[in-house]
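Engineer: Okay, sequence plus prediction incoming.
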Amino acid sequence: MVSALIAPSKTDSTASAAALLAWYDRHRRTLPWRAAPGETPDPYRVWLSEIILQQTTVAAVRPYYERFLARFPTVEALAQAPQEAVMQAWAGLGYYSRARNLHACARMVVALHGGRFPADEKALLALPGIGAYTAGAIAAIAFNKVAVAVDGNVERVITRLHAVEEPLPGAKPLVRELALAMVPQDRPGDFAQALMDLGATICTPKKPACVLCPLSSPCRARAEGTAETFPRKEAKTAGRLRRGAAFVALRTDGHVLLRTRPPKGLLGGMAEVPVSEWRHDYEIREALRDAPLPGVWRRKPGMVRHVFTHFPLELAVFTASFAVDTEAPAGGRWVPRHSLAGEALPNVMRKVLEKALES
DNA sequence: GAACCGTGGGA
DNA sequence: TTCCCAAGGTT
């Protein structure tokens, strides 16, 4: 909780919120999922955009959002769609549990709430894929409820405004309290979006434009000249390099052997070419024992490199040719080369296929 | 509470 | 090249 010593006065909070909203009215970003001033937001679109935006840049989200909305215009349409279609539409965005939870959430909203998103933060929090941030964002933006949506932007703005010395993620409860204390009763939705816009365009991680900031006057970090050093963060450990082998089996009629990964865990539910285990001590010299089919496997020169959030990966790529009547091993399926674009292939697998199919 | 879970872009 | 990090959630 916030100690009395560092809690800002009610007057300061109100003045800051007013300054921020005035800035927002002039400089708000126009985004495909954002309702125009005076427009009533569509909770489905607010929710859809918030899920896609999690840990993702606005630029990367745009085309996916448009595609999702065209393909699944309503929560009912999304709920009725097969999971494969949802995974395919998500392919390339990363964090694939978000796609599974998106689908599960749509079905739950239809089954439990008659196809209408609840306006209550607590009810939202009970839905899959909706955590503290997203519940607050939907409550505030879609329903104009007094709630905060504390994302990376807001953490940065608030820790700078109050020069919060405690490092994240430990400081999260404090940041939340400080943000909540600022929320104006009449415009919670605009306030939530204003904080994010400020963090995205003015109060940036590097070289913040304090000169243009509506909160520069009350900002404690600005006064100290230390804005760029916030938020404080715990040092995180780098993951250890893992290696493995990937096997691209090519049938003479141009089909490629694919399989589907287990539903949970890394790249859960996504398509892949057969691969070995990925280990820090993997021996590529002995990779052929992991091949999905007996055959004449040839290694492609070099490695496919990929970096996941918590470890870097290097894959040796092997290819082999097979007769048209070769049966797929258990769990595998032959896919025509021209159909690869329609598969739910994560980027690391696209890299593997690119190397395997290059001449 | 710490670990896990993708990807692309910018500096 | 390397590092950071972007509208986080789940286990």
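Structural biologist: Here it is on my side, so go on. Numbering: from 1, shown residues only, chains lettered A, B, ... in the order given.
Engineer: how about A:Leu168, what does it touch?
Structural biologist: Applying Cβ atoms under 8 Å, 6 or more residues apart in numbering, we find A:Leu168 in contact with A:155, A:159, A:175, A:231-234. C-beta coordinates here come from the backbone N, C-alpha and C atoms, glycine included.
Engineer: Most neighbours out of those, which is it?
Structural biologist: A:Thr159 (27 neighbours; other Cβ atoms under 10 Å).
Engineer: Wasn't it part of a helix?
Structural biologist: Yes. Under DSSP: H, G, I helix; E, B strand; the rest coil, A:Thr159 sits within a helix.
Engineer: ok, for A:Ala245, nearest residue in space, not its chain neighbours?
Structural biologist: A:Ala287 (3.8 Å; Cβ to Cβ, 6 or more residues apart in numbering).
Engineer: again with A:Val248
Structural biologist: A:Ala356 (3.6 Å).
Engineer: Tell me how many other residues surround the one you found.
Structural biologist: By the criterion of other Cβ under 10 Å, A:Ala356 has 19 neighbours.
Engineer: distance of it from DNA strand B?
Structural biologist: According to Cβ to the nearest atom of the strand, to the nearest Å, A:Ala356 stands 17 Å off from DNA strand B.
Engineer: I'd like the contacts of A:Leu168 laid out as JSON lines, including distance to DNA strand C.
Structural biologist: Formatted as JSON lines, the contacts of A:Leu168 follow (distance: Cβ to the nearest atom of the strand, whole Å):
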{"residue": "A:Glu155", "distance to DNA strand C": "8"}
{"residue": "A:Thr159", "distance to DNA strand C": "11"}
{"residue": "A:Val175", "distance to DNA strand C": "12"}
{"residue": "A:Pro231", "distance to DNA strand C": "8"}
{"residue": "A:Arg232", "distance to DNA strand C": "10"}
{"residue": "A:Lys233", "distance to DNA strand C": "6"}
{"residue": "A:Glu234", "distance to DNA strand C": "11"}
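Engineer: Need the max-distance pair from those residues.
Structural biologist: Within the contacts of A:Leu168, two members stand farthest from each other by Cβ to Cβ: A:Val175 and A:Glu234, at 14.5 Å.
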